[in-house]
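*Asks:* I would like the atomic coordinates for the input below:
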Amino acid sequence: MASDTLETIPFRDSVEELVSSRYDDNKRPESWDLRKPGKDVVRLKSGKIISLQSDGGQSPPKPGWVILLTDGNSTEGYHWTLYGIPKQ
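*Replies:* Below you'll find the predicted structure:
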């Protein structure tokens, strides 16, 4: 799936939907031995669909999470950090 290009970095937005995950069940495994870096694809509230370069310690982003994209590109994926989680 092609990733949309972002005009500026850093870029902050909310996750609308997890389109695809590096894990089969879309959840980070409990065991550190099973965790892996890879690409997660999300649809943002702004409507953009982007590929995220996630490290093994990051859970796949969930709807409602606010993420900050810190660097990267549409070809290799954007590096990100969690910026906020909505109140339940």
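
*Asks:* what mean pLDDT would you report for the top strand by length along the chain?
*Replies:* Longest strand of the chain, by residue count under DSSP state E: strand 11-20. Mean pLDDT, strand 11-20: 97.

*Asks:* what's the local residue count around the nearest residue to Pro60 once chain neighbours are set aside?
*Replies:* Excluding the flanking residues, the one nearest Pro60 by CB to CB, 6 or more residues apart in numbering is Ser21, at 4.3 Å. From N, CA and C alone the C-beta is placed, and that goes for glycine too. For Ser21, the neighbour count with other CB atoms under 10 Å is 20.

*Asks:* for the longest strand of the chain, list every residue counted as buried.
*Replies:* Phe11, Asp13, Ser14, Val15, Glu16, Leu18 (16 or more other CB atoms under 10 Å).

*Asks:* do the same with stretch 37-47
*Replies:* Gly38, Lys39, Asp40, Val41, Val42, Arg43, Leu44.

*Asks:* got JSON lines for these, with distance to Leu52, pLDDT and secondary structure too?
*Replies:* Shown next, in JSON lines, are the buried residues of stretch 37-47 (distance: CB to CB, whole Å; pLDDT from 0 to 100; DSSP: H, G, I helix; E, B strand; the rest coil):
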{"residue": "Gly38", "distance to Leu52": "9", "pLDDT": "96", "secondary structure": "strand"}
{"residue": "Lys39", "distance to Leu52": "7", "pLDDT": "96", "secondary structure": "strand"}
{"residue": "Asp40", "distance to Leu52": "5", "pLDDT": "97", "secondary structure": "strand"}
{"residue": "Val41", "distance to Leu52": "7", "pLDDT": "98", "secondary structure": "strand"}
{"residue": "Val42", "distance to Leu52": "6", "pLDDT": "98", "secondary structure": "strand"}
{"residue": "Arg43", "distance to Leu52": "12", "pLDDT": "98", "secondary structure": "strand"}
{"residue": "Leu44", "distance to Leu52": "10", "pLDDT": "98", "secondary structure": "strand"}
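
*Asks:* cool, thanks, talk later.
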